[in-house]
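Enquirer: I'd like to go over a predicted model; first the sequence, then the structure.
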Amino acid sequence: MVYGVIQNVRAALKFRGGWKGLLTHMYTNGDYPFKFGKLIGTDAMGNKYYENRVDYSFGQHRWVEPFDIHNFDASMIPPEWHGWMTSMNDTPPAEEEVMLENMKANIAPMCHSDAPFDNAVGYQNPVMNFHHMHNQSQVRSRGYGIGNPVVGLPPGAPDAFYTQPGSVYNEASRKPLVFIGELDKDRKYKSDKWAERLRTPQEKLAWENRQVVERQKALDAAVAIVQQSRMKKIRGRGSGTVLAVPK
């Protein structure tokens with residue numbers, strides 16, 4: 001048993017390129033330092049994909065070793081590699097074209113076709129994501145306007161994930177700040193409720209007294225208008241109808 005462990009450590013040192021690589025993987029990936037396999041390919045982000053069908057059972061025979069070992073989750077695996085990792089297909093993305101050519105050789109055309117494609121995969125546009133990150137919900141600022149140095153998002157740059165209408169993070173839902181008045185030079189307000197919060201107790205008392213006076217003036221003006229209307233109606237009673245006498 002001890003001899004087997006020593007041999008595994010020696011193989012792991014060779015496979016990882018020395019003690020630094022071995023200890024780094026032991027610290028970050030648990031049992032991966034002593035897991036050996038064939039390097040199948042690397043995605044655009046730098047993640048490496050391995051396979052070993054001899055020493056490991058189905059479901060454990062394929063794995064990924066991330067490029068950024070300190071900031072990684074499963075959503076960073078591209079869709080094409082995810083299908084290979086979960087054994088949805090056995091062809092890695094780097095060999096898809098060869099696989100399609102081999103499969104087309106076994107297809108006998110039944111009739112003439114004007115389709116622009118010669119296989120069912122069809123045309124695919126190249127997908128370019130921010131820093132090769134396929135999960136765009138991770139491209140978000142760690143605080144308002146400060147960016148995210150972990151994913152390389154600079155300060156002030158917009159987030160890439162969807163925000164609902166009405167959210168403060170949705171630029172289309174942000175209302176410009178407009179002041180409707182000011183109590184003094186340094187105390188501007190955008191609403192009456194905001195102005196009420198800015199007033200001192202003495203200013204609140206003076207403002208309430210002014211409101212009482214203004215309400216009384218408005219009441220007196222309304223009473224005067226009603227009285228004038230009543231007097232006009234009283235003067236108009238009994239005056240009769242005046243007919244113009246022809247000459």
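Expert: Done, it's in. Numbering: from 1, shown residues only.

Enquirer: Tabulate the CA atom coordinates of the helix or strand of the chain with the lowest mean pLDDT in PDB.
Expert: Of all the helices and strands that make up the chain, helix 19-29 has the lowest average by mean pLDDT, DSSP states H and E, namely a mean of 73. What follows is helix 19-29 as a C-alpha-only set of coordinates in PDB (Å, rounded to 0.1, in the frame of the first residue of the first chain):
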ATOM      1  CA  TRP A  19       5.500  20.000  -6.100                       C
ATOM      2  CA  LYS A  20       4.000  23.400  -6.700                       C
ATOM      3  CA  GLY A  21       1.500  22.100  -9.200                       C
ATOM      4  CA  LEU A  22       0.700  19.100  -7.100                       C
ATOM      5  CA  LEU A  23       0.100  21.000  -3.800                       C
ATOM      6  CA  THR A  24      -1.900  23.600  -5.700                       C
ATOM      7  CA  HIS A  25      -4.300  21.000  -7.000                       C
ATOM      8  CA  MET A  26      -4.400  19.200  -3.700                       C
ATOM      9  CA  TYR A  27      -5.500  22.500  -2.100                       C
ATOM     10  CA  THR A  28      -8.100  23.400  -4.700                       C
ATOM     11  CA  ASN A  29      -9.400  20.200  -6.200                       C
END
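
Enquirer: Quick check: longest helix in this protein by residues?
Expert: helix 201-236 (DSSP state H).

Enquirer: Mind pulling up the pLDDT for the residue nearest to the spatial centre of the chain?
Expert: Centroid-nearest residue in the chain: Phe161, 2.0 Å away (criterion: Cα atoms, centre = their mean). Phe161 carries a pLDDT value of 72.

Enquirer: is it true that it touches Val139?
Expert: Yes - Phe161 is within contact range of Val139, at 6.6 Å (criterion: Cβ atoms under 8 Å). In short, each C-beta sits where N, CA and C put it, glycine included.
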